[in-house]
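[1] Next come a sequence and a model predicted from it.
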Amino acid sequence: MKNIERKVHELDAAGQTVGRLSTKIATLLRGKNKPEFQPHLDLGDVVHVKNVKFLHFSGKKLAQKTYKHYSGYQSGIKIKKMSELMKKDPADILKRAVREMLPPTKLRPQMMKRLIIK
């Protein structure tokens, strides 16, 4: 499997919901759309995403959804709302969604490097 052909997929995020778009991206990064897919191999493609600032959110997610990060120290939990992240860095919302849809193996960092958000 030395000759892995990686195609480049251009996706437009304008008007699409985060979950539906991230599932498309995760399947392309993992290579599940190819007939030679094997779970232990990294056969995925390169994905370019543009217009991330025009993502669509259903329901009240912008106001209610929170992201948590724990540093490991006492009272080291940091909580951010989705609306704050959308103003600061909308690409981070999509990266987090795609990252959680990929399997937690050693291949995940390699797959995430092939996700390019403009």
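    Yes, it's here. Numbers count the residues shown, from 1 in each chain.

[2] Can you tell me the SS state at the residue nearest the centre of the chain?
    By Cα atoms, centre = their mean, the chain has its centre lying nearest to Val98, at 2.3 Å. Using DSSP: H, G, I helix; E, B strand; the rest coil, the structure places Val98 in helix.

[3] how close does Ala14 sit to His40?
    36 Å (Cβ to Cβ, to the nearest Å). Heads up, the C-betas are built off the backbone N, CA and C, glycines and all.

[4] Looking only at neighbour counts, state which of these two leads.
    Taking other Cβ atoms under 10 Å, Ala14 and His40 do not tie; Ala14 has more neighbours (11 against 6).

[5] residue contacts, the more buried one?
    Asn51, Phe54, Leu55 (Cβ atoms under 8 Å, 6 or more residues apart in numbering).

[6] same check, this time on Gly44
    Arg6, Leu28, Leu29, Arg30, Gly31, Met111, Arg114.

[7] now the residue with the largest distance to the centre of the chain, what's its secondary structure?
    Distance from the C-alpha centroid of the chain, by Cα atoms, centre = their mean, peaks at Gln74 (29.5 Å). Following three-state DSSP, the label given to Gln74 is coil.
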